[in-house]
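[1] dropping the sequence and predicted coords here.
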Amino acid sequence: MQQTGYLAVKYCGLSLPLRVLCSGAGYYIGTGSDELGPVSRESEEYFPNRDAAKAALKTGNWTQKHTP
């Protein structure tokens, strides 16, 4: 199972762990850090709540974006 963000590595050169993030559109799987803030949205999907996004991340039941 993927543990770091593909887009963060490919486009930013940053190896950052996947985590659940939130935007105005909803919850998503992405990367970021306290210092940088959000870096990449890795999931195609937006999830209705944090628990759904956490479950998707844990099970791998989400779709990886291939372009920003």
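    Happy to help now that I have it.
[2] contacting residues around the strand or helix carrying K58?
    K58 is part of helix 50-59 when elements are defined by DSSP states H and E. For helix 50-59, the external contacting residues (CB atoms under 8 Å, 6 or more residues apart in numbering) are L18, R19, V20, C22, Y27, Y28, I29, S43, E45, F47, N61, W62. For every residue, glycine as well, the C-beta is placed using N, CA and C.
[3] could I get those as TSV with secondary structure, distance to V9 and neighbour count?
    Below are the contacts of helix 50-59 laid out as TSV (DSSP: H, G, I helix; E, B strand; the rest coil; distance: CB to CB, whole Å; neighbours: other CB atoms under 10 Å):
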residue	secondary structure	distance to V9	neighbour count
L18	coil	11	21
R19	strand	15	17
V20	strand	19	20
C22	strand	22	15
Y27	strand	22	21
Y28	strand	18	24
I29	strand	15	26
S43	strand	16	21
E45	coil	20	17
F47	strand	23	20
N61	coil	22	10
W62	coil	17	19
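[4] contacts only, for Y6.
    By CB under 8 Å, 6+ apart, the residues touching Y6 are E42, Q64, K65, H66.
[5] could you rerun that using 6 Å?
    For Y6, the contact set (CB atoms under 6 Å, 6 or more residues apart in numbering) comprises Q64.
[6] please report how far it lies from L18.
    9 Å (CB to CB, to the nearest Å).
[7] check N49 too.
    N49 sits at a distance of 18 Å from L18 (criterion: CB to CB).
[8] closest to the centroid, which residue in this structure?
    Residue closest to the average C-alpha location in the chain (CA atoms, centre = their mean): G30, at 1.5 Å.
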